[in-house]
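A.B. asks: prediction below, plus the sequence it came from.
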Amino acid sequence: MAKNWGIQDLAKHFFIIAGEEAGPKSNKMGGIWNVIDGEAHALATLFNSDTLESKDERKILVVGPYYGHRGADWNGGLNRITNMGEFGPLNIDAELQKSLESLEKSGIKVFTGEKRVGKTRIAYLQFQTSDFGKILTTYMGKEMTLESRVKAEAYQLIGLDSLKYESMSNGPEYTHYLSLSYAISELARFLVSSASETAETGKEETASKQGFSPCPDVSLHCHEFGVFYATARLKKLGVPVGSIATLHATIPGRTAGYNSIQKRRNNDSTWPPGVPENLASLEALALYADTVTAVGESTRQEARLFYGINGIVIRNGITIGFDKIDWNLKERCLEQIRKFLSENLYKHYGGERIEPEKIIPIFTISRIEAENKGYPDLLDSLVALDHIIKNSILEGHMEEGVRVICFLVTAEGPKANLPEGFPVNLPKEALVGNELRLQQMIEERGLDFSKMVRGKCSVAAVLYPQILSISDGGLGMEVGDFMAGCCAGIFPSRYDPFLLTGLEAGKEGTPSVVSQVCGFSDAIKAIEPLVEGLGGVIVVDNIDLSYYETVLDYALATSYFTRNFIEDRVKYRLLCREAFLLAKDMGWEEPTQQYYELMSGTRFCGQENTTGKV
């Protein structure tokens, strides 16, 4: 039944990449799914190459949660259902087979699949934690549920007060993370145990002669606080697993938002009001990892400030499987967006029909955090942009009738049964929570469509409260096609540790405006521009400038892209190409190599050996 992945006489090394969003795309909540998926594929590509010194048999395991039905997800807004249909059946070797059997015996259900990248297989293991409260087991001589055992042991090992933490409003989320981390750590523990048993005969004699034990055969890379307990538990149990904990943000930093800059400047380590203590206690467990990494310098500083954790910066990346921009695709996507807007504006708002070729679509896309993502700044900059366009028309620098429409793609969760013409036709009853607040902010600034169709303004904003897909009930476009069809992206975050969406826009050849506070902005300094002027990615200072200066700079930067789009398509294409090349230079190869070195302790063949010889 079991099949072997590789050559029996080579040492085996399991590389586990873990996270709440790890697994099939149906587990996605945000950008971390893209990060885990990109790292796994880049690692597989690296294993396919001849650049590694070690010739061990390497295996990649991507591990995360399994949500088998509606209501299983702790995140009721998203209500994810894990779909393993994109994977093939898992080819299992002896160690993994033994570990999976041990997990099943302990009551932990594992759903498996596999994907090939070249000659390397990526295994996907998804743990079902929703039934931990129904499985009976024993701990310290007492019968209890598996969920209770996990919590009791966490108190004994680390001092996590689950009786307190589970009673908080986000208690189900905390309990899920603790259970998921337990399952991940059990997998690693069983793998080390089985690998040690398999390797014992061949390694025992060599190890005794050299006076040391063989290096661990299992490495664990945990993305975000939801799985950090796994590294802490393994460390406390003395299981020899090389571990990395990667922070994509910090909970106190995200709660402080734009005020986190001032906290870092003042060396103020107090947590701001509103920090969920139970989740922050899990995040603090990054301290137990062998190495802590952060995706940006601001996050590294926050980890040190709020938790006393020293880490290193390893940036995020993006996977681009092509070498040039597909201009035909961009034109088709632009035409689809323009036609949709023109037809639905006329149908639902009346007035004079706006010709599709007069519409310039731009966008922002983010999680729904009004202040942290800079939505007030964005909307105020659109008001300023309207004045800039009006003056340009009066001075004869821009033709009459140009209409800039900015999509605000952000949602509390997926929606169903949407009206025809959504999101141009956006009834208030379709909105919930912060979506209502954002719509009110749009209307208060006069940026809704009612003024545009009457010719009273040249700029409007449209809230798009849905997760983009071909079946989203709106434009019916995947995220990449939507970005490709827009003239520019604008990302005015007041707090954003990296900003993957800026890279995703660049991948589609779409220039963007980003705030200086984003970790992504640091990488832009090293890129030589293709054209004179502001470049394909414009960074706006939202740290030292006043609010009004920052808002005006966002408007001027957006005007720069829209003006070139209208007047000089040759230059605009150069700006698109520059944004694309920047994203291309920010691929996953470099960060994955850094992660591999940390997990394996192995250098690359192409690197110069700086170690002195004795």
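C.D. replies: In hand now; what should we look at?

A.B. asks: which elements pack onto whatever helix or strand Leu334 lives in?
C.D. replies: Using DSSP states H and E, Leu334 sits within helix 327-349. Counting contacts by 3 or more Cβ pairs under 8 Å, 6 or more residues apart in numbering; DSSP states H and E, helix 327-349 packs against strand 359-365, helix 449-452, helix 479-485. C-beta here means a position set from N, CA and C on the backbone, and glycine is covered the same way.

A.B. asks: looking at the ones you listed, which is closest to Ser219?
C.D. replies: With Cβ to Cβ as the criterion, Ser219 lies closest to helix 479-485 of the helices and strands packed on helix 327-349, at 31.5 Å.

A.B. asks: list the contacts of the helix holding Leu334.
C.D. replies: With contact meaning Cβ atoms under 8 Å, 6 or more residues apart in numbering, helix 327-349 is reached by 351, 353-357, 359, 361, 405, 421, 424-425, 449-450, 452-453, 475, 477, 481-482, 484-487, 508-509, 573, 576.

A.B. asks: buried subset of the residues you listed, written for ChimeraX?
C.D. replies: Buried members of these, defined by 16 or more other Cβ atoms under 10 Å, are picked up in ChimeraX with:
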select :354,356,359,361,405,421,424,425,449,452,453,475,477,481,482,484,485,486,487,508,509,573,576
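
A.B. asks: returning to that earlier point: tilt between the helix holding Leu334 and strand 359-365?
C.D. replies: Per axes from the mean of the first three to the mean of the last three Cα atoms, to 10 degrees, the angle that helix 327-349 makes with strand 359-365 is 100 degrees.

A.B. asks: quick one: buried residues of helix 327-349?
C.D. replies: 330, 333-334, 336-338, 340-342, 344-345, 348-349.

A.B. asks: now do stretch 229-242
C.D. replies: Quick answer for stretch 229-242 (16+ other Cβ under 10 Å): 229-235, 239, 241-242.

A.B. asks: so which of the residues you listed belong to strands?
C.D. replies: Under the assignment DSSP state E, those contribute Gly242 to strands.

A.B. asks: between the buried residues of stretch 229-242, which sits nearest Asp544?
C.D. replies: Of all these, Thr231 has the smallest distance to Asp544: 37.6 Å, by Cβ to Cβ.

A.B. asks: from what I see, the closest one and Thr291 are in contact.
C.D. replies: No - assessed by Cβ atoms under 8 Å, Thr231 is found out of contact with Thr291, at 10.1 Å.

A.B. asks: quick check: neighbours shared by the two?
C.D. replies: Common neighbours of Thr231 and Thr291, using Cβ under 8 Å, 6+ apart, are 243, 245.

A.B. asks: I'd say Leu436 and Glu429 touch.
C.D. replies: No - Leu436 is beyond contact range of Glu429, at 10.2 Å (criterion: Cβ under 8 Å).

A.B. asks: of those two, who's got more company?
C.D. replies: Taking neighbours as other Cβ atoms under 10 Å, Leu436 and Glu429 compare with Leu436 leading, 15 against 7.

A.B. asks: give me the three-state assignment for that one.
C.D. replies: helix (DSSP: H, G, I helix; E, B strand; the rest coil).

A.B. asks: helices of the stretch 201-350 of the chain, residue ranges please.
C.D. replies: Ranges of helices in the stretch 201-350 of the chain, per DSSP state H, counting those that start in this stretch, are 228-237, 251-256, 260-266, 277-283, 297-307, 327-349.

A.B. asks: tell me which element Gln439 is part of?
C.D. replies: Per DSSP H and E: helix 434-444 holds Gln439.

A.B. asks: contacts for that helix next, please.
C.D. replies: Helix 434-444 is contacted from outside by 368-370, 375-376, 379, 408, 410-412, 426, 428, 431, 448, 461-463, 465, using Cβ under 8 Å, 6+ apart.

A.B. asks: rerun that using 6 Å as the cut-off
C.D. replies: Residues outside helix 434-444 that contact it (Cβ atoms under 6 Å, 6 or more residues apart in numbering): 368, 379, 412, 431, 448, 461, 463, 465.

A.B. asks: turn the helices of the stretch 201-350 of the chain into CSV, including mean pLDDT.
C.D. replies: Formatted as CSV, those follow (pLDDT from 0 to 100):
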stretch, mean pLDDT
helix 228-237, 98
helix 251-256, 95
helix 260-266, 93
helix 277-283, 98
helix 297-307, 95
helix 327-349, 97
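
A.B. asks: out of those, which gets nearest to Gln156?
C.D. replies: With Cβ to Cβ, the closest approach to Gln156 among the helices of the stretch 201-350 of the chain belongs to helix 228-237: 9.0 Å.

A.B. asks: so where's the protein uncertain?
C.D. replies: Counting by pLDDT under 70, the chain shows low-confidence ranges at 1-11, 53-55, 195-216, 522-534, 603-614.

A.B. asks: domain ranges for it, per the record?
C.D. replies: 12-27+45-207+214-314, 327-589 (automatic domain parsing).

A.B. asks: next, give me the two most distant ones among the contacts of helix 434-444.
C.D. replies: Farthest pair in the contacts of helix 434-444, by Cβ to Cβ: Glu412 and Asp448, 19.9 Å.

A.B. asks: picking up where we left off before, can I get the domains of the chain in TSV with distance to Val35?
C.D. replies: Listed next are the domains of the chain as TSV, based on distance: least, Cβ to Cβ, whole Å:
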stretch	distance to Val35
domain 12-27+45-207+214-314	6
domain 327-589	7
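
A.B. asks: Tyr595 is nearest to which of those?
C.D. replies: Of the domains of the chain, the one closest to Tyr595 (Cβ to Cβ) turns out to be domain 12-27+45-207+214-314, at 6.2 Å.

A.B. asks: how far is that closest one from where the chain is centred?
C.D. replies: Centroid separation between domain 12-27+45-207+214-314 and its chain, computed with Cα atoms, centre = their mean, to the nearest Å, is 16 Å.

A.B. asks: quick one: end-to-end length of it, please.
C.D. replies: Taking Cα to Cα, to the nearest Å, domain 12-27+45-207+214-314 runs 26 Å from one end to the other.

A.B. asks: please apply the same query to stretch 67-86.
C.D. replies: For stretch 67-86, the separation between the terminal residues is 15 Å (Cα to Cα).

A.B. asks: run a quick neighbour tally on Gln439.
C.D. replies: By other Cβ under 10 Å, 20 other residues sit near Gln439.

A.B. asks: tell me if I'm right that Tyr124 and Gly113 touch.
C.D. replies: Yes - contact criterion Cβ atoms under 6 Å: Tyr124 and Gly113 qualify, at 4.5 Å.

A.B. asks: distance check, the closest residue to Val117 other than its chain neighbours against Asn34.
C.D. replies: Nearest non-adjacent residue to Val117, counting by Cβ to Cβ, 6 or more residues apart in numbering: Ala44, 3.7 Å away. The gap separating Ala44 from Asn34 is 16 Å, by Cβ to Cβ, to the nearest Å.
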